[in-house]
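Participant: Build me a structure from this.
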Amino acid sequence: MNPKGNNEQSNPLKKLRTPPTTSEAQLIQNRETWLPRAEALAVDKAQEVMNDLYREGAEYGDGSCAFMVMKEQFEGGVGNPPQSLKDSTLHAGKCQQYIKGLRRHLAKLPSEAKE
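Facilitator: Presented below is the predicted three-dimensional model:
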């Protein structure tokens, strides 16, 4: 049962709970949309992943993990390995892990969130 006393079968729709950290990370434009429960849960999980990939107030670029991968390679130079900019870690591995995580939720996402 949900807090309103309705069980999930009588109200199979759900609002999104996880807000985006930046407009670039926003998966659903109209956050007030009610979605089927499985889709809403998948969007919330995927939104959490996107929020991790796009950090607000980042030191470099747009705050995306992808930008950091490019910046690390740029700093390393052509033909050289990437150079870590923060805490001796490289972002390429992080991006690959997040891609795996997003793929798990992809099948349940509404078409709007896949664009």
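
Participant: Spatially nearest residue to the residue most central in space within the chain (excluding sequence neighbours)?
Facilitator: Centroid-nearest residue in the chain, with Cα atoms, centre = their mean: Met50, separated by 1.3 Å. Excluding the flanking residues, the one nearest Met50 by Cβ to Cβ, 6 or more residues apart in numbering is Ala25, at 4.1 Å. Any C-beta I mention is one placed from the backbone N, CA and C, and that applies to glycine too.

Participant: if we can go back for a sec, which residues are in contact with the residue nearest to the centre of the chain?
Facilitator: Counting by Cβ atoms under 8 Å, 6 or more residues apart in numbering, Met50 touches 20, 25-27, 102.

Participant: Now tabulate those in JSON lines and tack on neighbour count, distance to Lys86 and pLDDT.
Facilitator: Listed next are the contacts of Met50 as JSON lines, based on neighbours: other Cβ atoms under 10 Å; distance: Cβ to Cβ, whole Å; pLDDT from 0 to 100:
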{"residue": "Pro20", "neighbour count": "18", "distance to Lys86": "23", "pLDDT": "92"}
{"residue": "Ala25", "neighbour count": "20", "distance to Lys86": "20", "pLDDT": "87"}
{"residue": "Gln26", "neighbour count": "16", "distance to Lys86": "25", "pLDDT": "91"}
{"residue": "Leu27", "neighbour count": "23", "distance to Lys86": "26", "pLDDT": "91"}
{"residue": "Leu102", "neighbour count": "15", "distance to Lys86": "23", "pLDDT": "87"}
